[in-house]
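S.K.: Build me a model:
(one chain, ligands or ions: 1)
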Amino acid sequence: MANRTFTIIKPDSVRKGNFGKIISRLESEGFRILGLKKVSLSTKQAQGFYAVHSERPFYPDLVKYMTSGPVYVAALEKEGAVPALRKLMGATDPSKADAGTIRKEFGESIEQNAIHGSDSDENAAIEIGFFFAESELL
Ligand code: GDP
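M.R.: A predicted model of the protein is given here:
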């Protein structure tokens, strides 16, 4: 069954010109792009998006990083989309990510790790709703 997930091509990827390469990886792995936009996250949006981490010591830096430049947000569809994207992304820390994963190839640190992917179907729906109306998903 086709499932949805949500991704952010993070500011470090956009800055380094890796957006196209990452989108190409997603497409070649069978993700269909239902919706895509370039946005600059406000501090409030970044704080809200990562509210689950608000008590962690790295939270202020994470918010600063995610607002440091434009990002691309996308709603994706594929069978088993959430685990498939997590596997393709690799571990949070790029130095610990498996060979061939997006974070291994494009990430530069545990913070500046190239890409976000939802961790559950429930969060995918919430995160997609953060940026897209259902009518924008094609
Ligand atoms: P993810 O699901 O693999 O993205 O990881 P988490 O949900 O645990 O963390 C969210 C984001 O916070 C990560 O993708 C990183 O950008 C950042 N992050 C996670 N852990 C750390 C850390 O220990 N230090 C710093 N500076 N940033 C972190």
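S.K.: The nearest residue to residue 15 once chain neighbours are set aside and residue 86, how far apart?
M.R.: Excluding the flanking residues, the one nearest residue 15 by CB to CB, 6 or more residues apart in numbering is residue 69, at 5.6 Å. C-beta: built from backbone N, CA, C; applies to glycine. Separation of residue 69 from residue 86 (CB to CB, to the nearest Å): 24 Å.
S.K.: Can I take it that residue 105 is in a helix?
M.R.: Yes - counting by DSSP: H, G, I helix; E, B strand; the rest coil, residue 105 is part of a helix.
S.K.: shouldn't the residue nearest to residue 15 be in contact with residue 13?
M.R.: No - counting by CB atoms under 8 Å, residue 69 sits too far from residue 13 to count as a contact (9.8 Å).
S.K.: Who has more neighbours out of the two?
M.R.: Comparing residue 69 with residue 13 by neighbour count (other CB atoms under 10 Å), the higher total belongs to residue 13, at 26 against 14.
S.K.: Is the more buried one in contact with residue 114, as I believe?
M.R.: Yes - counting by CB under 8 Å, residue 13 does reach residue 114; the two are 4.8 Å apart.
S.K.: shared neighbours, the two?
M.R.: 22, 106 (CB atoms under 8 Å, 6 or more residues apart in numbering).
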